[in-house]
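Trainee: model this:
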Amino acid sequence: MIPSDDSVRLLNAVLEGMNYSKLHAAYSRIGRIEISPKRLFKILVYGYMNGIYSSRQLEQACRRDVNFMYLLGREKAPDHATIARFRSERLTEVVDDLFTQLVGHLADAGELSLSSVFIDGTKLEANANRDSFVWKKATQTNEQKMQEKMKLELPPLAGQLGLRFYAGEKIKAKYLKKLRKRLKTLQAQRSIVFARGKGQRKTPLQRAVEMVEEYLARQKKYDDYNHSFGERNSFSKTDRDATFLRMKEDHMKNGQLKPGYNATLAVDAEYVVAAKISQERSDSPTLIPILKVLQGLGYTRPVADAGFESEENYAWCEENGQTAFIKPANHDKAKTRKYKSDIGRRENMPYDENSDSYLCYKGHSIRATYEKKTHSKAGCNIVTTVYTCTECAGCPYKSQCIKGKSKTPLEERSKNLYVSKTFLRQRQEMQARIQSEEGILLRINRSIQVEGAFGVLKQDMGFRRFLLRGSVKVQTEFLLLCMGYNLNKLHNKIQSGRYGTYLHIPQTA
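Mentor: A predicted model of the protein is given here:
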């Protein structure tokens, strides 16, 4: 009943040759396994190949679809709870190993170049309520107001009851617990029975206990929120690992924020060879983690878009022997007439290497005054040279040269340039590299291969929102999706006779 060239036969043949020892080890030795873990894994991957992600729909397919019955063999159809539990509990620790094995099979078959790899990122919506946001700034503001109120109310309140309470720089939850315990002890010593219900008059001690308990509950909530934030500015109450991001798929067309994850893919010869889920709002911090994975596979020529450019990423590539092709952020903008005619831009000012100074449009010298040393988020040392013009007073071009909002009036401001000489050198080298014949070919393939992969995943396979919650489970689901995509791509390349090809060569007239 199943044709010999059906994709389910290819999936069965490829996954049959994988090692499932780690998957079997994920099961407890107590009890018995009703459904083979290997068959459950095949069902999941085949479901993701065909856009079937729900455990209930997978259960239904196992009962009705002949291809799923073929993968099950003579075993009975698994229950939806069994499929959901297998995906969210058993696979989380072993899916990385299974995905690496699949990439290894593709490499052994000669389907991967193992040299050039194309990297890009997108944002996918989390399985979380869109109105369940918690903002870091609002939380800190409310906590600060509560702290100030507690410092005013609690010491006098404790003094009226004959207790001492010291309000330090911050009143922590443990101090509130101690105060509550002392108040409870005082209640027991005085044999006071607290009033319950409406119309009952409360004693000062009862009001004090209730006030401390209310403050304690709020402080615990703020501590819990601050722990969940980490280095983020927001999170969702429904899925605390999800961050509120701006999505391109905005049905309201008003730029609203949605809870989601930043998904990064690395593609070689149209196959996904690495995939990472992160909580970062921008693409730049996600490059080094995925490059470390690719380095273990032997890749040395990463190709990425302008969103991945940073001095930290350039420095990492230089230190680890990577010949990167990263498009500079100003590559397209620098070609416009508006950019070239802007007299306030450093790129449009002549530079004198001997005196280490720039020349402004009026002909005044902008000299180096001091160096500023900072550290990036990952600890990379960045040295920025600050250039200052001392002849800005009375300049007729001042309003065109000095831009940006500032509380200081324009008449009192001077022109400053902040230049990282290391980053400037790296950007110039990268600009020459991407404009070479090889760089142009790789950039064309980046837009075809990795952006094409996202197009297939989101549009053709209809995957725009995760089903699971939590970064670990979301990573598991994303890798299952990528495995389904790889097997679909392998089947397509075999059927069209394109196997063994790595790059798309542009057709010329």
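Trainee: hmm, who's touching stretch 77-94?
Mentor: Here stretch 77-94 makes contact (CB atoms under 8 Å, 6 or more residues apart in numbering) with 22-23, 26-27, 34-35, 37, 40-41, 43-44, 55-56, 58-59, 62-63, 68, 98, 468, 472-473, 476-477, 480. (Glycine included, C-beta is placed from N, CA and C.)
Trainee: measure that stretch end to end?
Mentor: 23 Å (CA to CA, to the nearest Å).
Trainee: let me see the mean pLDDT of it.
Mentor: In this model, stretch 77-94 has an average pLDDT of 94.
Trainee: buried residues in that stretch?
Mentor: 77-78, 80, 83-84, 86-88, 90-92, 94 (16 or more other CB atoms under 10 Å).
Trainee: picking up where we left off before, is it possible to mark the buried ones in the contacts of stretch 77-94?
Mentor: Taking 16+ other CB under 10 Å as the criterion, what is buried in those is 23, 35, 37, 40-41, 43-44, 55, 58-59, 62, 68, 98, 468, 473, 476-477, 480.
Trainee: return the residues in contact with Leu479.
Mentor: Applying CB under 8 Å, 6+ apart, we find Leu479 in contact with 95-96, 98-99, 275.
Trainee: gap between it and Leu468?
Mentor: In this view, Leu479 and Leu468 are 12 Å apart by CB to CB, to the nearest Å.
Trainee: model confidence for the nearest residue to Asn129 once chain neighbours are set aside, exactly?
Mentor: Distances taken as CB to CB, 6 or more residues apart in numbering place Thr238 nearest to Asn129, at 4.7 Å, with adjacent residues excluded. If you check Thr238, the pLDDT there is 95.
Trainee: I figured Thr238 hits Lys258, correct?
Mentor: No. Under the criterion of CB atoms under 8 Å, Thr238 makes no contact with Lys258, lying 11.9 Å away.
Trainee: need the overlap of contacts for those two.
Mentor: Looking at what touches both Thr238 and Lys258 (by CB under 8 Å, 6+ apart), the common residues are Ala126.
Trainee: the two - which one has more neighbours?
Mentor: Lys258 (22 against 16; other CB atoms under 10 Å).
Trainee: now for that one: which residues touch it?
Mentor: The contact partners of Lys258, taken as CB under 8 Å, 6+ apart, are 125-126, 130, 244-245, 247.
Trainee: what strand or helix carries it?
Mentor: Here Lys258 is covered by strand 257-268, with elements defined by DSSP states H and E.
Trainee: quick one: average pLDDT of that strand?
Mentor: On average, strand 257-268 scores 95.
Trainee: mind listing what's buried in that strand?
Mentor: Neighbour-count burial for strand 257-268 flags 258-268 (criterion: 16+ other CB under 10 Å).
Trainee: could those go into CSV alongside distance to Leu112?
Mentor: Formatted as CSV, these follow (distance: CB to CB, whole Å):
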residue, distance to Leu112
Lys258, 34
Pro259, 35
Gly260, 30
Tyr261, 26
Asn262, 25
Ala263, 21
Thr264, 18
Leu265, 15
Ala266, 11
Val267, 10
Asp268, 5
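Trainee: quick one on the thing from earlier: just give me the closest of the contacts of Lys258 to Pro204.
Mentor: Distance to Pro204, by CB to CB, is smallest for Phe244 among those, at 43.9 Å.
Trainee: got the domain boundaries for the protein?
Mentor: For the chain, automatic domain parsing gives the domain ranges 7-113+479-496, 135-236, 257-332+428-459, 334-425.
Trainee: which of those domains sits closest to Ile505?
Mentor: In terms of CB to CB, the element of the domains of the chain nearest to Ile505 is domain 257-332+428-459, at 7.7 Å.
Trainee: circling back: can I have the buried ones of the contacts of Lys258 as a ChimeraX selection?
Mentor: Provided next is the ChimeraX selection string for whichever of the contacts of Lys258 are buried by 16+ other CB under 10 Å:
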select :125,126,244,245,247
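Trainee: which of the contacts of Lys258 sit farthest apart?
Mentor: Maximum distance among these (CB to CB): 11.6 Å, for Arg130 and Leu245.
Trainee: what residues are shared contacts of the two?
Mentor: Residues touching both Arg130 and Leu245 by CB under 8 Å, 6+ apart: 258-259.
Trainee: quick check: Tyr387 is in a strand.
Mentor: Yes. Per DSSP: H, G, I helix; E, B strand; the rest coil, Tyr387 lies within a strand segment.
Trainee: doesn't Asn416 make contact with it?
Mentor: Yes. Under the criterion of CB under 8 Å, Tyr387 makes contact with Asn416 at 6.8 Å.
Trainee: of these two, who's got more company?
Mentor: Neighbour tally, Tyr387 and Asn416, criterion other CB under 10 Å: the higher count belongs to Tyr387, 21 against 13.
Trainee: helix, strand, or coil at the nearest residue to the more buried one once chain neighbours are set aside?
Mentor: Of all residues not flanking Tyr387 in the chain, Leu417 sits nearest, at 4.0 Å (CB to CB, 6+ apart). Three-state call for Leu417 (three-state DSSP): strand.
Trainee: what's the spacing between Leu417 and Cys360?
Mentor: In terms of CB to CB, Leu417 sits 10 Å off from Cys360.
Trainee: spit out the residues that contact these two alike.
Mentor: Applying CB under 8 Å, 6+ apart, one finds that Leu417 and Cys360 are jointly contacted by Ile366.
Trainee: filter the contacts of stretch 77-94 down to the ones in helices?
Mentor: Of these, the ones assigned to helices by DSSP state H are 22-23, 37, 40-41, 43-44, 55-56, 58-59, 62-63, 68, 98, 472-473, 476-477, 480.
Trainee: thinking again about what came up before, neighbour count: Leu417 and Cys360, which is higher?
Mentor: Between Leu417 and Cys360, counting by other CB under 10 Å, Cys360 is the more crowded of the two (22 against 19).
Trainee: okay, now Thr369: neighbour count?
Mentor: Counted with other CB under 10 Å, the neighbours of Thr369 add up to 12.
Trainee: circling back to that earlier point, correct me, but the residue nearest to Tyr387 touches Ser365?
Mentor: No. Using CB under 8 Å as the test, Leu417 is too far from Ser365 to be in contact (11.8 Å).
Trainee: what touches both of the two?
Mentor: What both Leu417 and Ser365 touch, as defined by CB under 8 Å, 6+ apart, is the set Tyr358.
Trainee: tell me how far the ends of stretch 116-133 are from each other?
Mentor: With CA to CA as the measure, stretch 116-133 spans 40 Å from end to end.
Trainee: please apply the same query to stretch 4-23.
Mentor: Terminal residues of stretch 4-23 are spaced 29 Å apart (CA to CA).
Trainee: which secondary structure elements does the stretch of helix or strand Glu429 belongs to contact?
Mentor: Here Glu429, judged by DSSP H and E, is contained in helix 421-434. The contact analysis (3 or more CB pairs under 8 Å, 6 or more residues apart in numbering; DSSP states H and E) places helix 421-434 against helix 311-319, strand 325-326, strand 381-389, helix 437-455.
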